[in-house]
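> Provide a 3D model corresponding to the input given below.
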Amino acid sequence: MKQLRIGVLGLSEGNGHPYSWSAIFNGYDPDAMSSCPFPVIPQYLGLQKFPEDCIPNAKVTHIWTQDRAISEDVAKASLIENVVDNPQDMIDEVDAVLLARDDAPTHYELSAPFLRAGLPVYIDKPLATSVSEAQRIYELGKNPGQVFSCSALRYSDDLTLTPELREKTGTVVHVHATTMKYWDTYSVHIIEPTLKLMGISDSPIKVSSSSSADRKTVCATWADGKQAVFSTLGNIPAPIKIHVFGEKSNVELIFEDTFHSFRAALRSFIEGVRDHREMIPQEEVLRVVELIEKGSAE
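Presented below is the predicted three-dimensional model:
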């Protein structure tokens, strides 16, 4: 099987995905990674076995960030051979791109040259904070499945109801999901897995919200009576957690396994690249963005 060449694009404040995502493909240099400015990354990478835990038949070969020194540091830590000074220099050198910035306002401009060139692009969560902007990005693509975007937590076993738990809880009717940090960047981490486990396939009929300081709580209600409450807690230290209430009982799901969620999301992207198919339906992504937008507007 041909080895896919992948380019990494960008780094945003507080987000170490260029280090971690690249290492999941390439492995890493433990000494260089020890000085990574995101200490949790070498911690969870150190619990894995490399090269066994790398995604096979794909390698990050190129990187660009807005700072050459940062690019060099990521390249050294995550074994990336080529650092470029202009992102578009990668276009003819890679088969796919990881846009590793989580600040949604940059996504259209950064992804546009690659999507117009026909390259598949994994765009970090959230794709956008408005449905109209998300649709603009999708319209850049020339081929089905070119745009891939999600919270990796949609793939987390930690936030999934097993058949045993579904039997225990019964039909899910209410959820309260919480995460630290901020609505525009982090609510996607609780919205996406919640909609998936609740089996939501339509838009809510009502969305309301309240804010205090850097915290925000959004309540969504659907026509069938299901309800979800999403809270982003700002600087309060807290795990990502989904409290699921069913007709028979309730259960708390707590997110812990970062590495395998990232790996599963990246592997899904690679499968889509190889098979030229859409791995996450566009309407699902837009439904998540719609809820982010409605929560922001309240």
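
> average pLDDT for stretch 198-210?
The average pLDDT for stretch 198-210 rounds to 94.

> what's the span of that stretch from first residue to last?
Stretch 198-210 has an end-to-end distance of 23 Å (CA to CA, to the nearest Å).

> list of residues touching that stretch?
When contacts are defined by CB atoms under 8 Å, 6 or more residues apart in numbering, stretch 198-210 is touched by residues 172, 175, 194, 216-223, 226, 228, 287, 290-291, 294-295, 298. The C-beta positions use only the backbone N, C-alpha and C, and glycine is treated the same way.

> do the same with stretch 73-87
Stretch 73-87 is contacted from outside by 7-11, 18-19, 22-23, 26-29, 32-33, 35-36, 60-65, 68, 71-72, 90, 93, 110, 113, using CB under 8 Å, 6+ apart.

> give the contact list for Q227.
V173, H174, V175, C219, A220, T221.

> also H276?
Taking CB under 8 Å, 6+ apart, one finds N143, P144, G145 in contact with H276.

> which ones among those are found in helices?
Within these, no residue falls in helices by DSSP state H.

> with distance to E164, neighbour count and pLDDT added, can I get those in a markdown table?
Below are these laid out as a markdown table (distance: CB to CB, whole Å; neighbours: other CB atoms under 10 Å; pLDDT from 0 to 100):
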| residue | distance to E164 | neighbour count | pLDDT |
| --- | --- | --- | --- |
| N143 | 40 | 13 | 88 |
| P144 | 37 | 11 | 84 |
| G145 | 34 | 17 | 91 |
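
> from those residues, which single one is nearest F245?
G145 (35.4 Å; CB to CB).

> what about the closest one? Give its phi and psi, please.
Phi and psi for G145, reported as degrees, to the nearest 10, are phi 80, psi 10.

> what are the buried residues along the strand or helix carrying S111?
With secondary structure defined by DSSP states H and E, S111 is part of helix 107-116. Across helix 107-116, burial judged by 16 or more other CB atoms under 10 Å covers H107, Y108, L110, S111, P113, F114, L115.

> how near is the first one to I123?
Counting by CB to CB, to the nearest Å, the gap from H107 to I123 is 5 Å.

> the second one too?
Counting by CB to CB, the gap from Y108 to I123 is 10 Å.

> quick one: low-confidence ranges for the chain?
Across the chain, the ranges flagged by pLDDT under 70 are 298.

> longest helix in it, please.
Criterion DSSP H: the longest helix present in the chain is helix 258-275.

> can you spell out which helices and strands pack onto that helix?
With contacts taken as 3 or more CB pairs under 8 Å, 6 or more residues apart in numbering; DSSP states H and E, helix 258-275 sits against strand 4-9, helix 17-26, helix 40-45, strand 96-99, strand 147-149.

> what sits against the closest residue to Y44 other than its chain neighbours?
Nearest in space to Y44, with sequence neighbours left out and distances taken as CB to CB, 6 or more residues apart in numbering, is F259 at 4.8 Å. Going by CB under 8 Å, 6+ apart, F259 touches S20, I24, Y44, L45, L47, Q48, D53.
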